[in-house]
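K.L.:
Okay, predicted coordinates and the sequence, questions at the end:
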Amino acid sequence: MSLRGRAVLITSGPTREHLDPVRFLTNASSGAMGFALAAAAKAAGARVTVVSGPTALPAPRGVAVVRVVTALEMRRETLKRSRAADAVIGAAAVSDWRVPSVARHKIKRSPSAVRLTLVPNPDIIKDAAERRRPGQVFVGFALETRRAAGHARGKLIRKGLDLVVANGPESLASGRIAAILVGREGDRRLPPGPKTKVAKTVVAEIERLLNERRA
C-alpha cells in the first residue's frame, strides 16, 4: 500500500458549540478514528494534515494538526486546504446545530425553563466536495442508529462522495468500530475490530480509488 507523494486531509474529533462562556453542545467523539486514519495514511507514505476538534489524544507522529473548536472554524480550515489534497476524509463528529449567538456572560440558574434556539451548522464534507478538482477522492462518515447502510448511501449520493463509512454510536469514545464501507460499486461490511485496523482498510480503499483516477 502506497500513498507516496499524495496529500491527505482529515477532519477529526468533536466540535463544541458554546451557549455561553462556560457551557457548550458537543458529543462523545474522542478523535480516535481520525487519528487512526492519519496514522494509517502517514504509514502509507502520504503527507497528512488533520483538522481536529478538541481531543485529549496525542496526534500521530509526523502528522500536521490544525486545532479548532467550533464547526465554523473546522469548515474554514478545511476549505482552505481541501483543493490541495488528493483525498479528503470527513471523520469528525461535527455538531449539527449551534446557537445563533453566544451569550457574553454565564447564563444564570433560574426556576424558569430555558429554551434554546438552534440553527444548522454547515455540512463540511459536502461543501468541500462541491469545490473538488478532477482526480480527488472524498470520504465521509455516517454515524447512524438504524438503517446505517441506507442512510450512508443517501449521503454518498447527496454529498457527492466516493465512499462513506457507516457505523453506530457504540464506536464513540471507543477503540473499536463495526463499519460498513458504502461506495459507488456497492457495500462491504467489515468485521468489528480495532479502529487502527479499520483505518488501514479505509486507506487502502482510498489508494485504490486514487489509482483508478490516475489510470
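P.N.:
Okay, I see it.
K.L.:
Okay, the most centrally placed residue in the chain and G193: tell me how far apart.
P.N.:
Geometric centre of the chain, nearest residue: A91, 1.9 Å, by Cα atoms, centre = their mean. Taking Cβ to Cβ, to the nearest Å as the criterion, A91 is separated from G193 by 16 Å. No exception for glycine: its C-beta is placed from N, CA and C like everyone else's.
K.L.:
Only the buried residues of the strand or helix carrying A149, if you could.
P.N.:
Using DSSP states H and E, the secondary-structure element containing A149 is helix 148-159. Across helix 148-159, burial judged by 16 or more other Cβ atoms under 10 Å covers 148-149, 151-153, 155-156, 159.
K.L.:
I10: what secondary structure?
P.N.:
Assigned state for I10: strand (three-state reduction, DSSP: H, G, I helix; E, B strand; the rest coil).
K.L.:
isn't it right next to A85, touching?
P.N.:
No - I10 lies out of contact with A85 (Cβ atoms under 8 Å); the separation is 9.1 Å.
K.L.:
Between the two, which contacts overlap?
P.N.:
Contact criterion Cβ atoms under 8 Å, 6 or more residues apart in numbering; residues bridging I10 and A85 by contacting each: T49.
K.L.:
More neighbours: which of the two?
P.N.:
With neighbours defined as other Cβ atoms under 10 Å, I10 and A85 compare such that I10 has more, 27 against 24.
K.L.:
now for the longest helix anywhere in the chain, which elements pack on it?
P.N.:
Using DSSP state H to define each element, the chain has its longest helix at helix 195-214. When contacts are defined as 3 or more Cβ pairs under 8 Å, 6 or more residues apart in numbering; DSSP states H and E, helix 195-214 packs onto helix 32-43, strand 87-90, strand 137-143, strand 163-167, strand 176-177, strand 180-183.
K.L.:
burial measure for M33, as a count.
P.N.:
Other residues lying near M33 total 30 when counted by other Cβ under 10 Å.
K.L.:
residues contacting it?
P.N.:
Applying Cβ under 8 Å, 6+ apart, we find M33 in contact with 12, 91, 141, 171, 177, 195, 198-199.
K.L.:
W97 too?
P.N.:
W97 makes contacts with 17, 25, 118-121, as judged by Cβ under 8 Å, 6+ apart.
K.L.:
Mark which of those residues are buried, thanks.
P.N.:
Buried, going by 16+ other Cβ under 10 Å: 17, 25, 121, out of those.
K.L.:
got the angle for the longest helix of the chain vs strand 137-143?
P.N.:
Here helix 195-214 points in a direction 150 degrees away from that of strand 137-143 (axes from the mean of the first three to the mean of the last three Cα atoms, to 10 degrees).
K.L.:
from the chain's centre, how far out does helix 195-214 sit?
P.N.:
Once both centres are worked out by Cα atoms, centre = their mean, to the nearest Å, helix 195-214 turns out to sit 16 Å from its chain's centre.
K.L.:
so where does the nearest residue to A93 once chain neighbours are set aside fall, helix or strand?
P.N.:
Closest residue in space to A93, ignoring its immediate chain neighbours: S29 at 3.6 Å, by Cβ to Cβ, 6 or more residues apart in numbering. In this structure, S29 is located outside every helix and strand according to DSSP H and E.
K.L.:
Many thanks, I have nothing further to ask.
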